[in-house]
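K.L.:
I need the structure of the sequence given here:
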Amino acid sequence: LRSRSRHFRQLLRRKMRKALNTPGFELHFANGPDDGEAFWAALERVEKSSWKARAGTAILFSEQQRAFFRHLVDVVLERGWSYLAWATYRGTPIAYELAVRFGDTVHSMKIAYDEQFASLSPGVVLKAWVMKKACEDGLREQDLMGHSEPWKLSYTDRARQYVTLYVFNPQSWRARILYRLFFVPRRWAGTQSRLRPFLDWKPVRRVLCKAHLV
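P.N.:
Predicted structure coming up:
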């Protein structure tokens, strides 16, 4: 964080001191398979209490996503790739981060916090704690992944381009029609460019996933 402004670093330290000096506030790290259930329980509780639940983007809203991430948690714990962490206040989970260590990089896949405890900045404090652990473990990079959101750009001014891949179920006639409609006809290039954001709209993607179209 040396490249960040002095103001940002001071603000981060103040938030960490406030949270860590608050009686009942604790940080937890999943070290092995025995911690899997505790981490997943924290994730479920926070997802239900975060803005993601209101926006309809919580992991738990899609059975496919839920199954994928639950399996991922088991795999990373078994293989020693875990950077799974959560924060509690008086025993209640109030933030979590689902991150995976691979090589010399920590990939931050999911992070959320309960807005009822925003005064403790649990998401910010947990992220800083995970970053500190990564530095202590000698890792070289933390990939925040996803879009370049404002909170991510407060930690870095670098970003990578990425490509979105759509995988269609070839066994579904509905999926084949959808593929041909949106992705095949070259002469509809302009129409495709206008309609493709529609496919990226999360409520639409949930419907497509539930129907096993993508």
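K.L.:
And the next helix or strand past the lengthiest strand in the chain?
P.N.:
Counting by DSSP state E, the longest strand found in the chain is strand 92-102. Later in the chain than strand 92-102, the nearest helix or strand by DSSP states H and E is strand 105-113.
K.L.:
That next one pairs with which strands, parallel or anti?
P.N.:
Neighbouring strands of strand 105-113 in its sheet, by DSSP bridges, are strand 92-102 (antiparallel), strand 141-143 (parallel).
K.L.:
Which of those strands has the highest mean neighbour count?
P.N.:
Among the strands paired with strand 105-113, the stretch with the highest mean neighbour count (mean count of other Cβ atoms under 10 Å) is strand 92-102, at a mean of 23. From N, CA and C alone the C-beta is placed, and that goes for glycine too.
K.L.:
ok, and what's touching that strand?
P.N.:
If you take Cβ atoms under 8 Å, 6 or more residues apart in numbering as the criterion, strand 92-102 is touched by 39, 41-43, 45-46, 69, 72-73, 76, 81-88, 106-114, 116-117, 120, 122-123, 125-127, 130, 134, 137, 139.
K.L.:
Mind giving me the ChimeraX select for these, buried ones only?
P.N.:
Filtering the contacts of strand 92-102 down to the buried ones (16 or more other Cβ atoms under 10 Å) takes a single ChimeraX command:
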select :39,42,43,45,46,69,72,73,76,81,82,83,84,85,86,87,88,106,107,108,109,110,111,112,113,114,117,120,122,123,125,126,127,130,134,139
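K.L.:
Between the strands paired with strand 105-113, which one is closest to residue 6.
P.N.:
Closest of the strands paired with strand 105-113 to residue 6 is strand 141-143, at 20.8 Å (criterion: Cβ to Cβ).
K.L.:
re earlier: lowest average confidence across the strands paired with strand 105-113, which one?
P.N.:
Out of the strands paired with strand 105-113, strand 141-143 stands lowest, with a mean of 88 (criterion: mean pLDDT).
K.L.:
could you dump the strands paired with strand 105-113 to JSON lines with distance to residue 6?
P.N.:
Shown next, in JSON lines, are those (distance: least, Cβ to Cβ, whole Å):
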{"stretch": "strand 92-102", "distance to residue 6": "26"}
{"stretch": "strand 141-143", "distance to residue 6": "21"}
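K.L.:
Residue 24 is nearest to which of these?
P.N.:
strand 92-102 (9.0 Å).
K.L.:
circling back: figure out which of the strands paired with strand 105-113 is closest to residue 23.
P.N.:
When the strands paired with strand 105-113 are ranked by proximity to residue 23 (Cβ to Cβ), strand 92-102 comes first, at 13.7 Å.
K.L.:
Can you tell me the SS state at residue 86?
P.N.:
Counting by DSSP: H, G, I helix; E, B strand; the rest coil, the backbone at residue 86 sits in strand.
K.L.:
how distant is stretch 13-24 from the center of its chain?
P.N.:
Put simply, stretch 13-24 sits 24 Å off its chain's centre (Cα atoms, centre = their mean, to the nearest Å).
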